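[1] Using only what follows, build the 3D model:
(2 chains)
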Amino acid sequence: NAGVTQTPKFQVLKTGQSMTLQCAQDMNHEYMSWYRQDPGMGLRLIHYSVGAGITDQGEVPNGYNVSRSTTEDFPLRLLSAAPSQTSVYFCASSYSGARVGSPLHFGNGTRLTVT
Amino acid sequence: DQQVKQNSPSLSVQEGRISILNCDYTNSMFDYFLWYKKYPAEGPTFLISISSIKDKNEDGRFTVFLNKSAKHLSLHIVPSQPGDSAVYFCAAKMRQLTFGSGTQLTVLP
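    Numbers count the residues shown, from 1 in each chain, chains lettered A, B, ... in the order given. Sure thing, here's the model as predicted:
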C-alpha cells in the first residue's frame, strides 16, 4: 500500500497563478483533509471531506477550493496564489475523521512558495 | 487564539533519560487527544492517543497522561533514544483535529 500520496513535492508559483495540489489514498478511507503547516502555528485545517461528493471548510479555507469526486482523490486548488499561501501542505485521511481508533494518516507534504 | 498550545518550542534530553513533552488546551469539549511525530521532509505519523474518559495510556516506551481538571496533556518517552529526535505535535479533537505548534525533541547520544 502506498498510503497517502501527494504531488508535487515542491512548487514555486508567481502571485496570481493557479494550481492544483494532488492527493490520493489507497486505504479506502472515507475521511480526507488538507492542512497547512506554518512556523510557530502548527497544522491548520483548510478543508475536509467525509465522503465522495461531500466537502466542508476548516479553519483557514479562504483562497482554496476542493472537490471529492471519488473516494481516493481529494485535490486542493489555489485559485489565485498569494505570498501568504507560502507554506507546507499536508493531505491526511482516516476511516472516520480521527475518532478513537481511527487516527489520521498523512502524506509527505507539498512545499509551496509563492513569489 | 490557539486552543491547543505547546509552550516549549524545543527540548534536549540525554539518551536513556526520560523525555516529557507538554501540551495545554483551553476547550473542555475536546474528547480525544493524540500525539504525532514528524521527521524532516516527511508527514506527521501517529504515535499514541487517549480518550477523555481515561487519564493514562501506554504503548511501549510511550505514555500519554491526561489531566482534565488542568486541561493538560503530556507525553513521556522512557528511555529516550536518538531516533526519537523529531518534532512532536499534540492534537485535540472536538469535531475536527486542532494541532499545537510542535516541540522539537533532540535526544543527545
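[2] For residue B:103, list each beta-bridge partner.
    For residue B:103, the beta-bridge partners under DSSP bridges are residue B:88.
[3] Excluding chain neighbours, what is closest to residue A:106?
    If the residues on either side of it in the chain are set aside, residue A:106 comes closest to residue B:43, at 3.3 Å by Cβ to Cβ, 6 or more residues apart in numbering or on different chains. Quick note: C-beta positions are derived from backbone N, CA and C, even for glycine.
[4] Please list all residues in contact with the one you found.
    Listed by Cβ atoms under 8 Å, 6 or more residues apart in numbering or on different chains, the contact set of residue B:43 reads A:4, A:90, A:92, A:106, A:107, A:108, A:109.
[5] By proximity to chain A, which residue of chain B wins?
    Across chain B, no residue is closer to chain A than residue B:43, which sits at 3.3 Å (Cβ to the nearest Cβ).
[6] related to what we said a few turns ago, which of the contacts of residue B:43 sit farthest apart?
    Using Cβ to Cβ, the contacts of residue B:43 span at most 11.2 Å, a distance reached by A:92 and A:108.
[7] residues from chain A in reach of chain B?
    Counting by Cβ under 8 Å from any Cβ of the partner chain, the residues of chain A close to chain B are A:4, A:33, A:35, A:40-45, A:48, A:58-59, A:90, A:92, A:97-100, A:103-109.
[8] Give the helix, strand or coil label for residue A:28.
    Under DSSP: H, G, I helix; E, B strand; the rest coil, the three-state class of residue A:28 is coil.
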